[in-house]
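1. sequence below, structure please.
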Amino acid sequence: MHATAPVERPLGQQEAATLEQVGLKAGDRIGVIRAFARSESQAASDSLTGLLNRRSLEEQVHGLLRAGSPYAVVYADLDHFKRLNDTHGHESGDRALRLFTRTLRATARQHDLIARWGGEEFLVVVPQASAEQAAGLAERIREALTLALANGATPHFTASFGVSDSSQADELEVVGLDQASRTSTVQRQLDGTPYTCLPQVDPHLTSPPLPADRCSVAAGDAFDSHFRNKPFDIDRYVPADQKTIDLVHRYYQEQVQIDGGRMDRFTAVSDAKGLTQGHYHTDKLPLASLAREGTLADHFFHGAFGGSFLNHFWLVCACTPTFPGAPADMHTVVDPATGLPTAGHDKQLTPAGEDYVINTAFSVNSPHPATVPAAQLVPEQTAPTIGDRLSGAGVSWAWYAGGWDDAVAGHPPRCSSSTTSRSPTSPTTPTAPRAAPPTSRTRPTSSPPPRRAPCRPCPSSSRSARTTSTLATPTWRAASGTSSA
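-> Numbering: from 1, shown residues only. You can find the predicted model right below:
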């Protein structure tokens, strides 16, 4: 700070003290601002190279997508980088990364977005550019790298480049689809033939009629479609506050959809057809603001083929429910040629001769829909649950059963209702943990289908368990475990 006063009246002691206090407070404030700036910079940049990190680049590219701005992308991957590290040491590897960073900065334009995408991978997003211009930039980077390595201070290495631009797709995603090659996103018919266009049955995607674009009968398909055979942004057609048709979640269907890991039969098998290739930008959803405040359940537990019914069993007990003596019309009949259920025989259980319940069924215990014949109600299950495992290991836990109490009281939850009754012990307000009910006593532990079990049992080292029962899930009665979690 600098203060002035007339020569004949120098600053008084009080004035000087006041200025000193102002200076100290200003200094403290500036220090806080600088600390925040450093923190933001560190969160947005890669610590080794100082380039944008993956998350920051994703956010900025989303801005370009929302603005509809064209852009090109240069992808660079340092060749045989592990060999360089193993031969010359990690310090040499770090020098190579920093040298390549300087090369990118010296070659790209000031407003281009440069990021370390991960490990030895780099990305340059070039706004208002085409793939041809991006190819020119990649060539200039290659030439500059050759010159930069000429002095021999850094072990010699090379880099491989790829280019693309936003005109080659509805959008060039950098979230979720970033590792997907063109061939890995192609959907195929059951005979293996690729679709030219995605068939659509959801009214939002067919009515009012959308322009045929390059997807029409003339393109070789037996239907008109606006959607080329690749992932697309649902937001453009169905806002997040509107409903789409449901997607099939069935045991045998998902195995065919996955197609040995190729993931290319979802459109062919689903009753929603091409809708399966749509995706939403989750940063626009209300949940996104909560995600920024804390950790959500961001890793979906997929322990079995099919829908939530069997996955809940694998989450709770790492087992498949059984129904010995089930009516014959509850068994699925599978076409060996396609691996799919035959028409009219897509049922709750595996084929005759097996007793495993794989698709949604209802428990003999209440509550269950009155319309389900008594003979089709699944008997009580007695396989050890995660609660049993915790109790056996001496780990305290609590069962919050508000949802179950609501259902027994005749108030099952409904997603579309805003007036669902909840008891004080509901999982949304876990203030009064209940004692777990007694263990059932009807049958020994079941095991998963020997030929179809898609996963291994979960580890039993979890520290707590909070379970709720739903109408569509046969009742699980946990062993004793009455202390608070």
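2. got the contact list for residue 79?
-> Residue 79 is in contact with 157-160, counting by CB atoms under 8 Å, 6 or more residues apart in numbering. All C-beta spots, glycine's among them, are computed from the backbone N, C-alpha and C.
3. right, and the pair among those with maximum separation?
-> When CB to CB is used, the two most widely separated members of these are 157 and 160, lying 11.0 Å apart.
4. who's more crowded, those two?
-> residue 157 (21 against 11; other CB atoms under 10 Å).
5. in the stretch 1-150 of the chain, where is pLDDT below threshold?
-> 31-33, 35-43 (pLDDT under 70).
6. try 80 this time
-> The stretch 1-150 of the chain contains residues with pLDDT under 80 at 1-12, 15, 24-44, 55, 62, 65-68.
7. quick one: the helices in the stretch 1-150 of the chain, in order.
-> 13-44, 54-67, 81-88, 90-107, 131-148 (DSSP state H, counting those that start in this stretch).
8. what's the closest of those to residue 402?
-> It's helix 54-67; of the helices of the stretch 1-150 of the chain, that one is closest to residue 402 (CB to CB) at 36.7 Å.
9. counting neighbours, which bits of the closest one end up buried?
-> 54, 56-58, 60-62, 64-65 (16 or more other CB atoms under 10 Å).
10. with stretch 151-161 instead?
-> 154-155, 157, 159, 161.
11. check stretch 343-354 too.
-> 346-350, 354.
12. and what of stretch 118-135?
-> So stretch 118-135, judged by 16+ other CB under 10 Å, has buried residues 120, 122-127, 129-131, 134-135.
13. which pair of those residues spans the longest distance?
-> 120 and 130 (26.6 Å).
14. mind putting the buried residues of stretch 151-161 in TSV, secondary structure included?
-> Formatted as TSV, the buried residues of stretch 151-161 follow (DSSP: H, G, I helix; E, B strand; the rest coil):
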residue	secondary structure
154	coil
155	coil
157	coil
159	strand
161	strand
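15. which one of the helices of the stretch 1-150 of the chain lies nearest to residue 234?
-> Going by CB to CB, the one of those nearest residue 234 is helix 54-67, 13.9 Å.
16. restrict that closest one to CA atoms and write it as CSV.
-> Presented in CSV, the C-alpha positions along helix 54-67 are these (Å, rounded to 0.1, in the frame of the first residue of the first chain):
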residue,chain,number,x,y,z
ARG,A,54,-9.6,-35.2,-18.7
ARG,A,55,-12.4,-33.8,-16.6
SER,A,56,-11.7,-30.2,-17.6
LEU,A,57,-11.5,-31.0,-21.2
GLU,A,58,-14.8,-32.9,-21.0
GLU,A,59,-16.5,-29.8,-19.5
GLN,A,60,-15.1,-27.5,-22.1
VAL,A,61,-16.1,-29.8,-25.0
HIS,A,62,-19.6,-30.0,-23.5
GLY,A,63,-19.7,-26.2,-23.9
LEU,A,64,-18.8,-26.5,-27.5
LEU,A,65,-21.5,-29.2,-28.0
ARG,A,66,-24.2,-27.1,-26.3
ALA,A,67,-23.2,-24.1,-28.4
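17. other SSEs contacting that helix?
-> strand 113-118, strand 121-127 (3 or more CB pairs under 8 Å, 6 or more residues apart in numbering; DSSP states H and E).
18. which strands or helices does the last one pack on?
-> Spelled out, that is strand 121-127. helix 54-67, strand 71-78, helix 90-107, strand 113-118, helix 131-148.
19. for the first one, same thing?
-> Using 3+ CB pairs under 8 Å, 6+ apart as the contact criterion, the neighbours of strand 113-118 among helices and strands are helix 54-67, helix 90-107, strand 121-127.
20. can you list the domains in the chain?
-> 54-168, 186-293, 308-327+358-412+423-485 (automatic domain parsing).
21. quick one: end-to-end distance for the shortest one.
-> One end of domain 186-293 sits 36 Å from the other (CA to CA, to the nearest Å).
22. circling back: include distance to residue 280 when you put the buried residues of helix 54-67 into CSV, please.
-> Output for those, formatted as CSV (distance: CB to CB, whole Å):
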residue, distance to residue 280
54, 20
56, 22
57, 20
58, 15
60, 20
61, 16
62, 13
64, 18
65, 13
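23. what's the closest of those residues to residue 76?
-> residue 57 (13.6 Å).
24. nearest residue to that closest one other than its sequence neighbours?
-> Counting by CB to CB, 6 or more residues apart in numbering, residue 57 lies nearest to residue 115, which is 3.9 Å off, once chain neighbours are set aside.
25. residue 337 is nearest to which of the helices and strands packed on strand 121-127?
-> The nearest among the helices and strands packed on strand 121-127, by CB to CB, is strand 71-78 at 41.4 Å.
26. list the buried residues in stretch 367-375.
-> Quick answer for stretch 367-375 (16+ other CB under 10 Å): 367-368.
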